[in-house]
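[1] no FASTA, just this:
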């Protein structure tokens, strides 16, 4: 079979579209942000992406229906006054081998280039290894002018973070994107790296919404963030009790936190 | 060499054939069921499937004859009154890499599509991690109508099982099958996951036989199930004795149970 | 680059040639036997086989000259009275991935088929996990008639050995060879599996020489076998001393045995 | 995407160019030497090499600009009196799989063959597993005449080093280079294998500069070597204090040494 199979669901004409990428990764920040944006904008499915570089797996819905794991492109037609329509890339997995990462990214970029994309925003989490109260948004970009522009939106560019560079889709869409003549920015929300982190996703998406000039209602994402806070707090208290003495009640299971994507 | 090599042994015309897949996996349930169905129906060999995604291995028969590991398609011509002939896929291995799983599944599906297949039943085991007295048959399907139809045959559709989806051939034949316009069902027999499980295979095959409207004599499969029960019981007793005290006789080796496929 | 690169060194016409394969493996038995046969017959280099499925490595000779790791085909023109010329395949490595094993074997077989090969003998070691005083030669073949023929040369065909089949080149050359219309035999010398085993190689080669009707002088191979025996004996004595008491002298290093190919 | 993507930045005519390869490896000796040579000669970028056999990674500069990991060819036009221009290959990584090593090396060699390269020098470190005060330069070559020539430049050819041959790009560029009609030499600087080793790189580059007849100012490389010496000395002293008694001050972290490439 072909390495990557892109199945268009519809034919659309897009106005100078911008690609937003958010796939599973650290704290699931990128995926949470991209999925939330897609939902809020009621973006429409454009293409499904299958690949032998994804796991050989189907998901089964609660009603028993199978679905082959995939990535998915959705599009959003901006109001007539805006300069750019949007393409939003989300999905179940990144490619599960280095070679697969390259193949999938390259072919999605080729497809997007055919749709007129010249600009890419990639969304990701940046693991700090400690609890983050107020997640900052860190950035990396393909051009100095973009760095300057992002700074005006409050994005931090740090000499040392990310130290070893970016590994995975969020870096590759920028790095390979340049070979297709695309420029772009990676927005990374600080996160502990321990939990899925809707608060970090919110921070990232707030910046992106401002940059793109789209209105996003954050109510549902904030609710999700509070739910995670509540569970984390419960775990923390339980651990405190356990640490304090033998008379403490048994700790709540860390399992409760699950992986709420 | 080609990634997957399908060597037809015969040219046949099949009437709207249904594909039944049962390859090695959890409890060997799928393979036991598919092989038993093939034997009972005296299905005839149709094609041998070799692949560089199988292990580089030959089997040696008791008389010293080598045979390259493979998957195999057999066909069964149904009586004139029936609507569907059958294709049964069995074999020695599933593809040994994720990429190999996709390649083999895709090419077998392509070949089957050429034979007119539009419907697929995949057979598998579902590991419960505990002894199962009366294995239920769990299901997943490509369409809600199929879910409803299977429920009428006593198949269980559970909100939580299988939680993470299906990994391997039984899921992939449904997921990729849809790209070939095929619909289908996965039937999973509950099993402990510790032994090969002919009893679970029997449960699965009883459902399938009813669904397909074919008559199957289960005597031999029940004999195999009883043999496994007897060995498991012996091991259990030996373990009991060992646990009860130092005077107990040495436990029977778990090895006795082998992997009776 | 191409997966497998076969570089012919010479153009020859061979009379109904038989392929003998002996690559590194258990006890290095197959390689020792094939290399010794090539040397004794003064077989001439015919082709060098490079592949990206070998390690990315060059060997450096004592005089400092590099050589890319490879497999190598040599040919031997039999006397006019004989029915078959010989092709002998040896080399530094087997393919280092399952896929690589298939690719290399298939392309070497294709090349040999072009030279007229219809018969293959593969040479290997069979690890028994214990010291073998008088190694028997075990067999496996593609046809019952070949099993019978080999039995007349003293080859053993055991119901249980090799239990799980043959993994690697010696099995694959037979299994894939059949797809090229070739028949053949695998000769396996029993060996402990701990050392390189020239004595086992000698046992295998003695059978093969009789089967092929070629005269081989075993003096040098026996000398090598005695050298290994001597070292193994020294190690054994040292281990005995160490086990017997604290006054024993320090044991000779097992390292002395090296890997004398 | 293509396995290896070579993007020329400029079109040049080179006079019988010699390829010098120095990629990351043991002690980073090869890369340090090649990068230093490129800087000293003010060699110009000729082509960027991307590959799906590199990690799926971008580096981020201190100013926040991303760059896809790559290898890079630079060229140096020698004075009119000299016989050879130079091509210098450096980069971030070697291929991360055996197959990737072969693919990248083969395609870079093919490209270089198109530029007229018939001669290759590969630079590497040779790990001795102990502190090396005065690193010797060991050699390996494709032809006896080259061995003799290198001996006249003080290169050591040892019967036993490198024992198992050369693994990775420095060996492969010679081994595969021969298939393109290229001859060459590998120069290996002795190094402990524990640190990046500019002193070993200096030893290698001094030989190479003499061989190629180019003038190189070693001041900056010597400064780097002294810095490493200073840090290593500090660590050594700290470890001594720790070993000598419980009253010793806490040891300096080995981390200080970092990986100064």
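    Structure's in. What do you need? It should be emphasised that the depicted structure is a prediction, and the values quoted were computed from it without experimental measurement.

[2] domain map for chain A?
    Domain assignment for chain A by automatic domain parsing gives A:4-217, A:224-257.

[3] what does the stretch 51-200 of chain A put close to chain D?
    Within the stretch 51-200 of chain A, the positions lying close to chain D (C-beta under 8 Å from any C-beta of the partner chain) are A:95, A:98-99, A:101-103, A:105-107, A:139-144, A:147, A:157, A:159, A:162, A:164-169, A:171-172, A:174-176, A:178-179, A:186. In this view, the C-beta of every residue, glycine as well, is placed from N, C-alpha and C.

[4] before we move on, back to that, the domains of chain A: lowest mean pLDDT?
    Of all these, the minimum mean pLDDT falls on domain A:224-257 (a mean of 67).

[5] ok so, going back, in helices, which of the residues of the stretch 51-200 of chain A next to chain D appear?
    Secondary structure from DSSP state H places A:98-99, A:101-103, A:105-107, A:144, A:147, A:169, A:171-172, A:174-176 of those in helices.

[6] let me have the domains of chain A in JSON lines, extended by mean neighbour count and distance to residue B:10.
    Formatted as JSON lines, these follow (neighbours: other C-beta atoms under 10 Å in any protein chain shown; distance: least, C-beta to C-beta, whole Å):
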{"stretch": "domain A:4-217", "mean neighbour count": "20", "distance to residue B:10": "30"}
{"stretch": "domain A:224-257", "mean neighbour count": "13", "distance to residue B:10": "54"}
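
[7] out of those domains, which comes closest to chain C?
    In terms of C-beta to the nearest C-beta, the element of the domains of chain A nearest to chain C is domain A:4-217, at 13.1 Å.

[8] residue A:127 touches residue A:195, doesn't it?
    No - here residue A:127 lies out of contact with residue A:195, judged by C-beta atoms under 8 Å, at a distance of 10.9 Å.

[9] overlap in contacts of these two?
    residue A:27 (C-beta atoms under 8 Å, 6 or more residues apart in numbering or on different chains).

[10] what does whichever strand or helix holds residue A:20 rub up against?
    Residue A:20 belongs to strand A:18-21 when assigned by DSSP states H and E. Applying C-beta under 8 Å, 6+ apart, the contact partners of strand A:18-21 are A:30, A:34, A:37, A:84-89, A:112, A:117, A:119-123, A:169-170, A:173, A:182, A:184, A:208, A:212.

[11] how does it look with 7 Å?
    A:34, A:37, A:84, A:86-89, A:112, A:117, A:119-123, A:169-170, A:173, A:212 (C-beta atoms under 7 Å, 6 or more residues apart in numbering or on different chains).

[12] please apply the same query to stretch A:67-82.
    A:12, A:14, A:23, A:38, A:41, A:43-50, A:54-55, A:57-59, A:61, A:84-93, A:213, B:175-176.

[13] gap between the two ends of it?
    End-to-end distance for stretch A:67-82, by C-alpha to C-alpha, to the nearest Å: 35 Å.

[14] and the residue nearest the centre of chain A, how far from residue A:24?
    When C-alpha atoms, centre = their mean is applied to chain A, the residue found nearest the centroid is residue A:30 (1.7 Å). Between residue A:30 and residue A:24 the distance, using C-beta to C-beta, to the nearest Å, works out to 8 Å.

[15] so what touches stretch A:1-10?
    Residues outside stretch A:1-10 that contact it (C-beta under 7 Å, 6+ apart): A:45-53, A:103-104, A:107, A:111, B:102-103, B:106.

[16] apply 6 Å and report the result again.
    Residues outside stretch A:1-10 that contact it (C-beta atoms under 6 Å, 6 or more residues apart in numbering or on different chains) are A:45, A:47-51, A:103-104, A:107, A:111, B:106.

[17] and the residues you listed, which is closest to chain D?
    residue A:103 (6.1 Å).

[18] could the domains of chain A be laid out in CSV, adding distance to residue C:7?
    What follows is those, written out as CSV (distance: least, C-beta to C-beta, whole Å):
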stretch, distance to residue C:7
domain A:4-217, 27
domain A:224-257, 59
